[in-house]
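> Build me a model from this:
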Amino acid sequence: MSALAELVRTPVGGDLKVEVMENVDEDVWDGRVRSVSGGTYKQTTMFNRHQTERSYEKGLYFKAVDDAGEVVGQLSTRMGAPFAWGLRRRPFAQVTLPLFGAMAPCMRWGDGPIILTRNSRKEVYAALVCRAINEGVRRGCISIEAWPAFYGDDFVSERDWILDLYAENGFQVASQSTLVVDLRKGEDGLWSGIRKEARTKVRKARDQGVEILELDGDEGLLLQAHNIVRETAARNEVACWPLEEMRLALQYHGSRGVFRAFLARHEGRGVAYQNVTCFNRSALLGGVAYSDYSRQARVYGNDLMQWHVMQAMREMGTEWLDYGGAEPNSEDPKMKGIYQFKAKWGGQLVAHDQCRLIVAGGRRFSAKGLVSRIHEKTGDRVYGRAKNSRD
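All right, here's what the predicted structure looks like:
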């Protein structure tokens, strides 16, 4: 296996060797991710492989080794097209994704780096991030985007210096938040932590005869679920997740034991859908959707769904259930409504930061330069206009 390597001198003495690899031993790499409390699916080879197959992204792996030959940290990154989320949901994605990825690549990573030592954590973290930046610039990326890990035991005490590191290296930092439910409370503790309104609707859904089914490869349930996803996308005026993409994602992640999908039904009709990615100690909710019929008939399938997922994740031994973002201060009525729904379920508001570095994107009137400017402009709604900002 070929690898590039760079020595990084640390203030505490000794050398860290940071290796850059395009291929790794998947079991060993993912095993190290599982070994720390904050290790999530987004830092695994499984996730990168899926992104390669479906979004034409190329995985790059960074491994920090100390002078005794011990692996003390690692970072999984991807290189691919800007606007990948939107392009995947539109026609000709098999053409546009690799085209934009080759013409104006972006490097990105989520929930990393993973630090495997209690000593010199700051130095190991900095070595991995700086090496990734250098590699992204060397490979012609127009931007580098990072979502630092926020699960685990070390996040609160280390957040300040982590964000300072990104800001000092030219990143714009957008401090955002999410809601995380601590599943270690047990069922009684979880139920008492839910707001009275939500508990009432869970009971009403049961009285209405709502049932929760797991998709688990059932094509009929998948079609019902996708119809709910399509109706929700139409109400929100966003591109719908194509049926085939949804099917392949369920097959890929489900076959690896890290993905579960549920359908709420009322009198045989699908009324709500939700999936959850569960790996190590954390679970991330996604794909939340509910039908037009459930809104009109006031069927509370989406509420029963939340309680069912909490119970299912707790039974799996999961410790944290992440509601996938929260905007408590938004002035947008739709976002206010989404936050109010999520906040009913006993979650704690937790900081979830996004960091972006804009790299020189080619000549002004070149194709790469044009894409770079559009990419920067579309990101300004998240990061604002200020450079190197931690506001």
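
> who's in contact with residue 45?
24, 26, 29-30, 59, 61, 76 (CB atoms under 8 Å, 6 or more residues apart in numbering). (Glycine included, C-beta is placed from N, CA and C.)

> 7 Å instead?
Residue 45 is in contact with 24, 26, 29-30, counting by CB atoms under 7 Å, 6 or more residues apart in numbering.

> Out of those residues, which comes closest to residue 186?
Of all those, residue 30 has the smallest distance to residue 186: 29.1 Å, by CB to CB.

> For stretch 256-276, list every residue counted as buried.
Buried residues in stretch 256-276, counting neighbours by 16 or more other CB atoms under 10 Å, are found at 256, 258-266, 269-276.

> which residue packs closest to residue 314, ignoring adjacent ones?
Using CB to CB, 6 or more residues apart in numbering and skipping residues adjacent in sequence, the residue nearest residue 314 is residue 183, 4.5 Å away.

> and the one you found, how many neighbours does it have?
Residue 183 has 24 neighbouring residues, counting by other CB atoms under 10 Å.

> residues contacting it?
Residue 183 neighbours (CB under 7 Å, 6+ apart): 190, 310, 313-314, 318-321.

> Looking at these, state which has the most neighbours.
Among the contacts of residue 183, residue 321 has the most neighbours (other CB under 10 Å), with 27 neighbours.

> And the pLDDT for residue 75?
For residue 75, the pLDDT comes out at 98.

> Test of understanding: give the bridge partners of it.
With DSSP bridges applied, residue 75 shows beta-bridge pairing to residue 62.

> Next secondary structure after the helix or strand hosting residue 192?
Taking DSSP states H and E as the criterion, residue 192 maps to helix 187-193. Using DSSP H and E, the next helix or strand after helix 187-193 towards the C-terminus is helix 196-207.

> Which segments of this structure make up each domain?
4-170+360-383, 181-350 (automatic domain parsing).

> Now tell me which of the ones you listed the model trusts least on average.
Here those differ in mean pLDDT, and the lowest is domain 4-170+360-383 at a mean of 84.

> Please name the bridge partners of residue 18.
What pairs with residue 18, by the bridge criterion (DSSP bridges), is residue 6, residue 64.

> Can you tell me the number of residues neighbouring it?
Neighbour tally, residue 18, other CB under 10 Å: 26.

> all numbers from here: first residue = 753
From this message on, residue numbering opens at 753, which makes the last subject residue 770.

> I'd assumed residue 880 was in contact with it.
Yes. Counting by CB atoms under 7 Å, residue 770 touches residue 880, with 6.3 Å between them.

> Overlap of the contact sets of these two?
Residues touching both residue 770 and residue 880 (CB under 7 Å, 6+ apart) are 814, 816.
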